[in-house]
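Trainee: got a predicted structure here, sequence first:
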Amino acid sequence: MRRWTVVMLSILLSLAGCVEPEDVAEDPGTDEYPQHSATVFPVWNGTDHTNTTIESTIFSNQSYLAYFSAPWCAHCESTLDAYDTIIPNGSIAIFSMEARSEYANMSEWHNQTETNLNRTVDRPFILHPELAKEVSVQSIPHAIFVNAQGYAFHVEIGKETNLTYIQEVWDTAKTSVFDPQTGWNTQIDG
C-alpha cells in the first residue's frame, strides 16, 4: 500500500502545473475605468534634519526622487552617494523608514552620512516611517522616481551605483508623461 501511495504522489507531482489555464479576455477598460493606470505618489510633509518643514508641494510640476533608507543601513550609503551624484539639487527627498526612537535623530543621520561619504550632502533627511508604509517600502535602499505629474514612474530596490543607469532612469522620469487613456509615453523636451 505504501508503494502505491508513493507512485500515485509521484505521478500527481509530475502533472502539477500541466493544467492549461482557461482563456481570459483582456479587459479593454472603459471611459470611467481606463485600462491604463499609474500610481500617484502620496502627498506628504515632514520635518528635515535642520528642523525645517518640507512638503511634497515643493516638488509640484517637477520630477524628484523619493529615497527611503534608515540611519543604521551602512550599505545604503553607496547607493545614496550615486543618486546624490546624478540627481540635481532640490530634486531628492531622503526619508527614514525606521520608526524606532533610537534612530529618530535625522540631524545625527545626516551628519553621519556626510562623515562616511567625506563630503556635503545638501538634501533633506526626513523621518517618515508612515510614508514608507504607505508606498510599501519593505527593503532598503528603496528609490521611487516621481514624474512631474506626481506619478511613481520607476521604483528601484536595492543597491544601485551604476551612474549611467541612474542618469538614464532620471532623464526618462523627467520627460515621461502618463495619460490614463494611452498609458506612459515620453515627452522629449526640445
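Mentor: All right, it came through fine.

Trainee: which residue sits closest to the residue at minimal distance from the centre of the chain, ignoring its sequence neighbours?
Mentor: The centroid of the chain falls nearest to residue 144 when counting by CA atoms, centre = their mean (2.8 Å). Spatial nearest neighbour of residue 144, chain neighbours left out: residue 66 (4.4 Å); criterion: CB to CB, 6 or more residues apart in numbering. Every C-beta, even on glycine, is put in place using the N, C-alpha and C of the backbone.

Trainee: sheet-wise, list the partners of the helix or strand harbouring that neighbour with their directions.
Mentor: For residue 66, the host element (DSSP states H and E) is strand 64-69. In the sheet containing strand 64-69, the strands it pairs with under DSSP bridges are strand 92-96 (parallel), strand 142-146 (antiparallel).

Trainee: in the first one, which residues are buried?
Mentor: Translated: strand 92-96. 92, 93, 94, 95, 96 (16 or more other CB atoms under 10 Å).

Trainee: contacts for stretch 92-104?
Mentor: By CB atoms under 8 Å, 6 or more residues apart in numbering, the surrounding residues in contact with stretch 92-104 are 46, 54, 59, 64-72, 80, 83-84, 106, 109, 123-129, 131-133, 137, 140, 142.

Trainee: quick check: residue 88 vs residue 63, distance?
Mentor: To residue 63, residue 88 is 10 Å away according to CB to CB, to the nearest Å.

Trainee: now residue 83
Mentor: To residue 63, residue 83 is 13 Å away according to CB to CB.

Trainee: ok, now residue 106?
Mentor: Residue 106 is 24 Å from residue 63, by CB to CB.

Trainee: likewise residue 169?
Mentor: Counting by CB to CB - residue 169 and residue 63 are separated by 11 Å.

Trainee: quick check, residue 110 in contact with residue 51.
Mentor: No. Contact criterion CB atoms under 8 Å: residue 110 and residue 51 do not qualify, at 11.6 Å.

Trainee: regarding residue 155, what is its secondary structure?
Mentor: Using DSSP: H, G, I helix; E, B strand; the rest coil, the secondary structure recorded for residue 155 is strand.

Trainee: can you tell me the number of residues neighbouring it?
Mentor: 14 (other CB atoms under 10 Å).

Trainee: quick one: it and residue 65, what's the gap?
Mentor: In this view, residue 155 and residue 65 are 11 Å apart by CB to CB.

Trainee: common neighbours of the two, please.
Mentor: With CB under 8 Å, 6+ apart as the test, residue 155 and residue 65 both reach 143, 144, 145.

Trainee: perfect, that will be all.
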